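J.: 3D model of this:
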Amino acid sequence: MAIRPILIIPDARLRAVADPIVEVDDEIKTLAKDMLDTMYDAPGIGLAAPQIGVLKRIVVMDLAGEGEPPAPLVMINPEITHFGEQMQVTEEGCLSIPELYYEVERPNEVSVTYTDLEGKEITKDAEGKLAVCIQHELDHLDGVLYIDYLSRLKRDRVIKKFDKQAKLAAR
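T.: Presented below is the predicted three-dimensional model:
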């Protein structure tokens with residue numbers, strides 16, 4: 001079990017665009033396991049590779065509820081192929097922006113195509129919480145954070161708070 005450090009804003013790697021994964025090899029399988037271990041330890045329901053400083057297009061998530069068996073989902077080179085028209089507003093948080101939660105509006109349904117750990121291409125339809133989690137994690141692969149969907153005032157306030165914390169920690 002390898003728990004990796006989770007990057008916190010304003011780390012510039014969180015704003016970088018991740019590179020596609022060419023081959024699902026042992027290195028990628030180990031990365032996926034480490035990401036799941038890190039996510040469960042945090043604890044969280046999703047984690048993208050850029051959040052641990054790895055600029056590769058892979059995300060993990062597990063939306064199993066309390067008392068339910070784990071249901072890990074690993075998506076390699078995921079791409080949303082369809083957004084539903086109905087919107088939903090849900091409270092989102094992020095392991096890279098700890099202890100802050102804001103309401104964000106996103107499509108309630110998505111279709112996503114990705115490669116699994118066996119190298120098989122999968123298309124999955126998702127709605128509700130899973131659809132939101134998929135959109136949130138895939139945004140990380142393009143350097144987008146959920147606070148980018150907030151008003152400029154709220155977003156600037158969050159960034160200012162974490163910039164200040166980073167400066168204090170650097171002393």
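J.: Check which helices and strands the helix or strand of the chain with the lowest mean pLDDT sits against.
T.: The helix or strand of the chain with the poorest confidence is helix 152-170; it has a mean of 91 (mean pLDDT, DSSP states H and E). Helices and strands in packing contact with helix 152-170 are listed as strand 97-107; criterion 3 or more CB pairs under 8 Å, 6 or more residues apart in numbering; DSSP states H and E. C-beta: built from backbone N, CA, C; applies to glycine.
J.: can you tell me the average pLDDT over the helix or strand following the strand it packs on?
T.: Once strand 97-107 ends, the next helix or strand along the chain (criterion: DSSP states H and E) is strand 109-115. Per-residue pLDDT values across strand 109-115 average out to 98.
J.: before we move on, what about stretch 83-99?
T.: If you average the pLDDT over stretch 83-99, you get 97.
J.: buried stuff in that stretch?
T.: Under the neighbour-count criterion of 16 or more other CB atoms under 10 Å, stretch 83-99 has 84, 88, 90, 92, 94, 95, 96, 97 buried.
J.: tell me which of the residues you listed is nearest to residue 55?
T.: For the buried residues of stretch 83-99, the closest approach to residue 55 (CB to CB) belongs to residue 96, at 14.0 Å.
J.: Quick check: the closest one touching residue 145?
T.: Yes. The pair residue 96 / residue 145 is scored as a contact, 7.2 Å apart, by CB atoms under 8 Å.
J.: so what sits against both of those two?
T.: 9, 14 (CB atoms under 8 Å, 6 or more residues apart in numbering).
J.: Assign a three-state SS to the residue minimising distance to the centre of the chain, would you?
T.: For the chain, the residue sitting closest to the mean C-alpha position, by CA atoms, centre = their mean, is residue 137 at 2.7 Å. Recorded secondary structure, residue 137: helix (DSSP: H, G, I helix; E, B strand; the rest coil).
J.: Just say helix, strand or coil for the residue lying closest to it once chain neighbours are set aside.
T.: Distances taken as CB to CB, 6 or more residues apart in numbering put residue 59 closest to residue 137, at 4.0 Å, once the chain neighbours are dropped. For residue 59, the secondary structure call by three-state DSSP comes out as strand.
J.: what about residue 59, how many residues close to it?
T.: Other residues within reach of residue 59, judged by other CB atoms under 10 Å, total 31.
J.: Would you agree residue 48 is in contact with residue 142?
T.: No. Residue 48 is beyond contact range of residue 142, at 9.8 Å (criterion: CB under 8 Å).
J.: So the two - more neighbours on which side?
T.: Taking other CB under 10 Å, residue 48 and residue 142 do not tie; residue 48 has more neighbours (29 against 13).
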